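Asker: Prediction below, plus the sequence it came from.
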Amino acid sequence: MGAFQSSPGQPEYVDLKEKTGFSISQIRVLHTRFKLLGHNGETLKRDHFNSIPDLACNPIRAQIIEAFFDRRNFRRNGEGPVDEIHFEEFLMVMSHFKAPSPRMIEERESVRREKLRFIFNMHDTDDDGTITLEEYRHVIDELLSLTEDLGKDTAKGIADAAMREVASTSMAHMEPDEFFEGITFEHFLKLLNGFEIELKMNVHFSMMDTPTFCK
């Protein structure tokens, strides 16, 4: 996509409003944030996200940043990473953090599915359609790294136990000596059945907080 030169009320903003569901005022806030992060440039690169203080201490910082450069999150049926993003791509990724409005009750399930797909993609780092033991362990390891008293073997044991619990939930007849290769997105949906991710994974766009992941 080329340079974004629009201002509120112009056709480009209206088009983005239709694509993302953001209001014009929300797009204005996000465009301002985009410009601040990119030092008034037309694109953002991964290094630009280093200026977000709250993100620096997030245990899954790397996954969050990569999510902004993953074509799967641009709502265009693309695949693979990109080196930089324009404002439209930034806005498309941020739309995954938009809380559903009361008027979207009938669409709540589709919103929930989209948000869970976003999280799944963030964990499926090699884009093979499953979350493997190693991919899931990578996330667990980052969380455990905040606990200095845990040794490497202990952390590995906790990560393995966490993944086996997920596997057992997905495959009730799994034997103790079976090797679990990973979970698909459909299994992922079942694991989080009843969890209101559509209400928890959101950003207060008027303040442009750091994305909140299921706190």
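Answerer: It's in.
Asker: Which parts of the chain are strands?
Answerer: Assigned by DSSP state E, the strands in the chain fall at 130-131, 183-184.
Asker: JSON lines please, covering the ones you listed and showing mean neighbour count, distance to Lys115 and mean pLDDT.
Answerer: Any C-beta I mention is one placed from the backbone N, CA and C, and that applies to glycine too. Output for those, formatted as JSON lines (neighbours: other C-beta atoms under 10 Å; distance: least, C-beta to C-beta, whole Å; pLDDT from 0 to 100):
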{"stretch": "strand 130-131", "mean neighbour count": "20", "distance to Lys115": "16", "mean pLDDT": "85"}
{"stretch": "strand 183-184", "mean neighbour count": "20", "distance to Lys115": "17", "mean pLDDT": "80"}
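Asker: CSV for these, including distance to Phe74?
Answerer: Shown next, in CSV, are the strands of the chain (distance: least, C-beta to C-beta, whole Å):
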stretch, distance to Phe74
strand 130-131, 21
strand 183-184, 22
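Asker: Looking at those, spot the one closest to Pro81.
Answerer: Of all the strands of the chain, the one in closest proximity to Pro81, counting by C-beta to C-beta, is strand 130-131 (17.8 Å).
Asker: Partner strands of that closest one and their direction?
Answerer: Strand pairing for strand 130-131, using DSSP bridges, gives strand 183-184 (antiparallel).
Asker: Count the residues that sit near Phe74.
Answerer: 19 (other C-beta atoms under 10 Å).
Asker: Check the gap between the spatially closest residue to it that is not a sequence neighbour and Ile27 for me.
Answerer: Leaving aside its chain neighbours, Phe74 sits nearest to Met92 (4.9 Å; criterion: C-beta to C-beta, 6 or more residues apart in numbering). According to C-beta to C-beta, to the nearest Å, Met92 stands 12 Å off from Ile27.
Asker: All the helices of this protein, residue numbers only.
Answerer: All helices of the chain, identified by DSSP state H, fall at 11-20, 24-37, 53-56, 61-67, 87-94, 108-123, 133-144, 152-170, 185-191, 197-200.
Asker: which of the ones you listed is buried the deepest?
Answerer: helix 87-94 (a mean of 21; mean count of other C-beta atoms under 10 Å).
Asker: what mean pLDDT does it have?
Answerer: In this model, helix 87-94 has an average pLDDT of 94.
Asker: now stretch 132-146
Answerer: For stretch 132-146, mean pLDDT is 65.
Asker: Start and end of stretch 38-57, how far apart?
Answerer: For stretch 38-57, the first-to-last residue distance is 20 Å (C-alpha to C-alpha, to the nearest Å).
Asker: buried ones in that stretch?
Answerer: Using 16 or more other C-beta atoms under 10 Å as the test for burial, stretch 38-57 gives Gly38, Thr43, Leu44, His48, Phe49, Ile52.
Asker: before we move on, the earlier item: pick out the shakiest of the helices of the chain, pLDDT-wise.
Answerer: helix 197-200 (a mean of 62).
Asker: which ones are touching the closest residue in space to Ala67 that isn't next to it in sequence?
Answerer: Nearest residue to Ala67 in three dimensions, chain neighbours excluded: Met122, at 4.9 Å (C-beta to C-beta, 6+ apart). Counting by C-beta atoms under 8 Å, 6 or more residues apart in numbering, Met122 touches Ile60, Gln63, Ile64, Glu66, Ala67, Asp70.
Asker: Rebuild these as TSV, extending it with distance to Arg113.
Answerer: Listed next are the contacts of Met122 as TSV, based on distance: C-beta to C-beta, whole Å:
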residue	distance to Arg113
Ile60	21
Gln63	20
Ile64	20
Glu66	21
Ala67	17
Asp70	17
